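Colleague: Provided below for reference: sequence and predicted model.
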Amino acid sequence: MKNFMQQLCAAGLLALCALPCMAQINGTGYYRIYNAQNTSDYITIANDKFNFHKAIATACGGLNQAMGSAGQARAMECVGRYLQTDIHLVNDADFTTPAAVIYCQKENDNPNNKRYNLIGQGTSLLTLTAGTYSASATLKFYDNYITINSVGGSGANTQYTASIQLKAQNNILANLGTRYFVDDSGTFGINTSYSAQNAKWYILPVNHFNVVPEVEFNGKYYTTVKVPFACKLSGQVEKAYVITAVNDGVLEYQEIATTGGTIPIGTPVVLECGSPNAADCQLIPTGAPKFTAPNSSISNSDAPTADESSDYTGTNLLKGTYFCNTDGSLSFPTPSGTSSFNANHNTSSTGPQKYVLGITESGKLGFVKATVTYMPANKAWLESAAEFPWELPVTVMLGDVDDDGAVGISDVSVLIDYLLGNDVDPFNAENANVNQDEGISIADVSDLIDMLLNANPAQ
């Protein structure tokens, strides 16, 4: 009886992070998954609320109810509600949602083994399934990996199913069969059949995900991220910063990576980009992700351990979260009626005032008071009890009008075009004010030419 409920709750629970693992058929690595029927639905890990204790104790009615079909049905419905909380299907065709990046870890190196653990958003499948029901009934779910099978197509069009065996151990109960993961009209679910198209999934290796620039300032574009893996800056993602201090309302920051460099694992950062388009701005996941390791009291040689080797060790005032699920209270049946659990998991506006990236009242790039009720997942912010705007100092390179990092004759041409009323892009207005007066004029052209002549006397 105990083993049956272990399998029962593990089944659904495994589904919880399980879908993303279908991509794992090509071995351990990062993947994303979308439904073969509803191709705009991508799997994301949105929470880590699953509670097998409640599914057994409250929904089923305890282990003594596990032999009855009614208790089993209640437990499965409770499991389903948790799955809807912890897995969300979202439209992510542009691939800008870090929660859709799933690290699938193969159980072992056997080429015939198709079982995987799923890791994402700071947690893992095996972490979620570890624990105890009571002192006398230890629940161990490590045998319940997700099985990934190809069922049609080829190459990039290969379709997969993800399944788990609902099977009682030691012949205590009959085999309940296989459950397949499905897209139930935009909601994650499980089914006994994989014949329908909504039980089939496409799996794509993740070579990068795109970054959405949010704030424009001086010809550059900025945003913040916090992801549970190390990642390389690619494309038009040019710099990554941490915030180290605040003095008299002005933030001090440190550049920790440039294009081709790596953001340390799990570090909330400000990104500087050279393009406003997400398709031009990429981050490349690298190495193993950070996650909460399984309960150390449960022994299993295959249990993964968190990779903490590349943690950022410097000062960083930025904060962030992996979850912002606002599903609210969800109900499920119990032997005595109904019960519920709070499906919310987010960082709310309570506590210290939160500041998010934006343009301050003085027109500078900085952090402004947040007006949202809940802070979004995978973003970064600052906290303070003060009510002043925090501003990032800007490095000015007078004369670098075209914002290419150097001062040359091309800057003279761009400045003249600007003064003639032509549309020039990029154009750094602060760098164009060479003489630092009230505005940009022909005098700045003259001063810029003098600057170049003095720097190159032979001209």
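Modeller: Received it, and whenever you're ready, just let me know what you need.

Colleague: could you pull out the helices for this structure?
Modeller: In the chain, the helices defined using DSSP state H lie at 2-18, 52-54, 69-86, 125-128, 409-419, 429-432, 442-455.

Colleague: As TSV, the ones you listed with distance to residue 38 would be great.
Modeller: Placement of C-beta: from N, CA and C, glycine included. Output for the helices of the chain, formatted as TSV (distance: least, C-beta to C-beta, whole Å):
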stretch	distance to residue 38
helix 2-18	17
helix 52-54	29
helix 69-86	16
helix 125-128	23
helix 409-419	48
helix 429-432	47
helix 442-455	56
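
Colleague: and residue 246, which of the ones you listed is closest to it?
Modeller: helix 429-432 (22.4 Å; C-beta to C-beta).

Colleague: Go ahead and measure how far the closest one is from the middle of the chain.
Modeller: Mean C-alpha position of helix 429-432 versus that of the full chain (C-alpha atoms, centre = their mean, to the nearest Å) differs by 36 Å.

Colleague: what does stretch 63-76 give?
Modeller: The answer for stretch 63-76 is 36 Å, by C-alpha atoms, centre = their mean.

Colleague: Show me where the stretch 351-459 of the chain dips below the pLDDT cut-off.
Modeller: Within the stretch 351-459 of the chain, the segments meeting pLDDT under 70 span 394-396, 455-459.

Colleague: Ok, which of the helices of the chain comes nearest residue 351?
Modeller: That would be helix 69-86 among those, by C-beta to C-beta, at 23.5 Å.

Colleague: can you pull the buried residues of that closest one?
Modeller: Across helix 69-86, burial judged by 16 or more other C-beta atoms under 10 Å covers 71-72, 74-76, 78-86.

Colleague: do the same with stretch 195-207
Modeller: So stretch 195-207, judged by 16+ other C-beta under 10 Å, has buried residues 198-203, 206.

Colleague: swap in stretch 34-51?
Modeller: Buried, per 16+ other C-beta under 10 Å, within stretch 34-51: 34-36, 38, 41-51.

Colleague: just the residues you listed now: which is nearest residue 193?
Modeller: The shortest approach to residue 193 among the buried residues of stretch 34-51 belongs to residue 36, at 14.5 Å (C-beta to C-beta).

Colleague: If I look at that closest one, what pLDDT would I see?
Modeller: Residue 36 is assigned a pLDDT of 95 by the prediction.

Colleague: Excluding chain neighbours, what is closest to it?
Modeller: residue 200 (4.0 Å; C-beta to C-beta, 6 or more residues apart in numbering).

Colleague: hang on, isn't that neighbour packed against residue 193?
Modeller: No. Applying C-beta atoms under 8 Å, one finds residue 200 not in contact with residue 193, separated by 11.3 Å.

Colleague: Can you pull out the low-pLDDT segments for the stretch 1-150 of the chain?
Modeller: Ranges of the stretch 1-150 of the chain meeting pLDDT under 70: 1-25, 129-144.

Colleague: Next, count neighbours for residue 404.
Modeller: If you count neighbours by other C-beta atoms under 10 Å, residue 404 ends up with 14.

Colleague: Over to residue 214?
Modeller: 16.

Colleague: separation between the closest residue in space to it that isn't next to it in sequence and residue 210?
Modeller: Distances taken as C-beta to C-beta, 6+ apart place residue 223 nearest to residue 214, at 4.5 Å, with adjacent residues excluded. Relative to residue 210, residue 223 is positioned 11 Å away (C-beta to C-beta, to the nearest Å).
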